[in-house]
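Enquirer: Sequence plus the predicted model coming up.
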Amino acid sequence: MLKIFILGFIAISVLVLWNYAGRSPKNILLTKNNMPDSTKNKESGMNDKIFKTEDEWKKELSPEQYKILREKGTERAFTGKYWNNFELGTYVCAGCGTELFNSDTKFESSCGWPSYFEPIDSSRIIYREDKSFGMTRTEVICAKCGGHLGHVFEDGPPPTGLRYCINSGSMKFIPKEK
Ligand SMILES: [Zn+2]
């Protein structure tokens, strides 16, 4: 009888611990963004994806845009066009024109790259684990054209606590009409 009681107690403890682990901030990206959206993109967004050869991309994009979007390059901090742009408008993908970020989610960050706390629609973004340069980061990719945009970190402001750190060179800014 005592044995059953102890086993039951252990089982309940394990369940409680699991529950807590699932809610820890470290899992925000995995549970909230990564898995569900990437699967959704694969299932529903397949038809409107853009596929081009690297030669075609090279012809269409500027060398800087090509380096970032197609070769996962990163512009140097404080050198891009938009890190200190706070005009009202929309930031679209330089590769395919998809509207990615709105100026009202952009915030002043000391990192030197345009920073947003959320995308216009999370289904327009693909999240991928990036282990390059000895770091584990979450890469942010345009769901439509597969272009590399930047990374997302968990040190952003409310309401999401996320910081989408995006290369200016992967986007074009469309000012709001006055
Ligand atoms: Zn795109």
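Expert: Good, I have the coordinates. Bear in mind the structure is a predicted one, so any value in this text is a computation, not a measurement.

Enquirer: and stretch 144-154, which residues are buried?
Expert: Buried residues in stretch 144-154, counted by 16 or more other C-beta atoms under 10 Å: K144, C145, G146, G147, H148, L149, G150, H151, V152, F153. From N, CA and C alone the C-beta is placed, and that goes for glycine too.

Enquirer: for stretch 78-94, same thing?
Expert: For stretch 78-94, burial by neighbour count (16+ other C-beta under 10 Å) applies to G80, Y82, W83, G89, T90, Y91, V92, C93, A94.

Enquirer: Leaving out the residues flanking it, which one is nearest to the spatially most central residue of the chain?
Expert: Geometric centre of the chain, nearest residue: V140, 3.4 Å, by C-alpha atoms, centre = their mean. Nearest residue to V140, sequence neighbours excluded (C-beta to C-beta, 6 or more residues apart in numbering): L149, at 4.7 Å.

Enquirer: Give me the packing partners of the helix or strand where E129 lies, helices and strands only.
Expert: Per DSSP states H and E: E129 is located in strand 125-130. Helices and strands touching strand 125-130, as assessed by 3 or more C-beta pairs under 8 Å, 6 or more residues apart in numbering; DSSP states H and E, comprise helix 35-44, strand 137-142, strand 148-153.

Enquirer: Would you single out the least confident of these?
Expert: Least confidently modelled of these is helix 35-44, at a mean of 42 by mean pLDDT.

Enquirer: which element follows it toward the C-terminus?
Expert: Past helix 35-44, the next helix or strand by DSSP H and E is helix 54-60.

Enquirer: I'd like the average pLDDT over that following helix.
Expert: 97.

Enquirer: which residues are contacting that helix?
Expert: Residues lying outside helix 54-60 but in contact with it, judged by C-beta atoms under 8 Å, 6 or more residues apart in numbering, are K52, Y66, L69, R70, G95.

Enquirer: That helix near the ion at all?
Expert: No. Remark: helix 54-60 sits outside contact range of the ion, by C-beta under 5 Å from the ion, the gap being at least 10.8 Å.

Enquirer: Which of the helices or strands spans Q65?
Expert: helix 63-69.

Enquirer: Checking my notes, G95 in a helix, right?
Expert: No. Under DSSP: H, G, I helix; E, B strand; the rest coil, G95 falls outside any helix and is assigned coil.
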